[in-house]
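Here's a sequence, model it:
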Amino acid sequence: MSRTPITQTNVHPLVLLSIVDHFNRVNLKQRNKRVVGALLGWVTDNTVEVVNSYAIPFEEDPSQASIWFLDHLYHESMLAMMRKISQKEKFIGWYVTGDSFRAHDIQIN
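Reported below is the predicted structural model:
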């Protein structure tokens with residue numbers, strides 16, 4: 001069975017606003033700190049609809065790239081709660097702020 005390739009992604013404005021708000025809240029206290037969160041939505045035919053998101057507690061050591069913490073229990077709890085609110089929304093992927101990818105980003109995924 002072949003799948004139709006994804007050719008379009010729609011990110012709803014509320015998602016973008018939520019990510020910017022998350023970044024600004026974290027960076028009020030500390031400059032240039034990256035933030036991580038989950039993206040929720042659904043896939044129809046060849047389109048990904050990203051309609052919701054939530055922040056996930058995340059810390060990393062700027063001097064040692066191999067030391068980081070992502071609160072996966074928080075993520076699992078939030079995802080379970082979101083599923084109660086909307087059965088249609090599924091986990092689509094992650095968002096991470098920053099100017100470049102880091103070596104441990106694949107481990108976070």
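
isn't H104 right up against S66?
Yes. With contacts counted by C-beta atoms under 8 Å, H104 reaches S66, the gap being 6.2 Å. For every residue, glycine as well, the C-beta is placed using N, CA and C.

neighbour-wise, which of these two wins?
H104 (14 against 9; other C-beta atoms under 10 Å).

Contacts only, for that one.
By C-beta atoms under 8 Å, 6 or more residues apart in numbering, the contact list for H104 reads E60, A65, S66, W68.

Kindly indicate which of these lies nearest Q87.
W68 (32.1 Å; C-beta to C-beta).

Count the residues that sit near that closest one.
Neighbour count for W68, taken as other C-beta under 10 Å: 17.

related to what we said a few turns ago, what two of the contacts of H104 are the furthest from one another?
Checking the contacts of H104 with C-beta to C-beta, the most distant pair is E60 and S66, at 9.5 Å.

Where do the strands of the chain begin and end?
8-11, 36-44, 47-56, 58-60, 68-70, 90-96 (DSSP state E).

Let's have these in CSV, adding distance to I19 and mean pLDDT.
Formatted as CSV, the strands of the chain follow (distance: least, C-beta to C-beta, whole Å; pLDDT from 0 to 100):
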stretch, distance to I19, mean pLDDT
strand 8-11, 9, 95
strand 36-44, 7, 95
strand 47-56, 6, 96
strand 58-60, 13, 88
strand 68-70, 16, 87
strand 90-96, 6, 93
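
Out of those strands, which is closest to D21?
strand 47-56 (8.6 Å).

Of all the residues in that closest one, which ones are buried?
For strand 47-56, a neighbour-count test (16 or more other C-beta atoms under 10 Å) marks V48, E49, V50, V51, N52, S53, Y54, A55, I56 as buried.

partners of it, with directions?
Neighbouring strands of strand 47-56 in its sheet, by DSSP bridges, are strand 8-11 (parallel), strand 36-44 (antiparallel).
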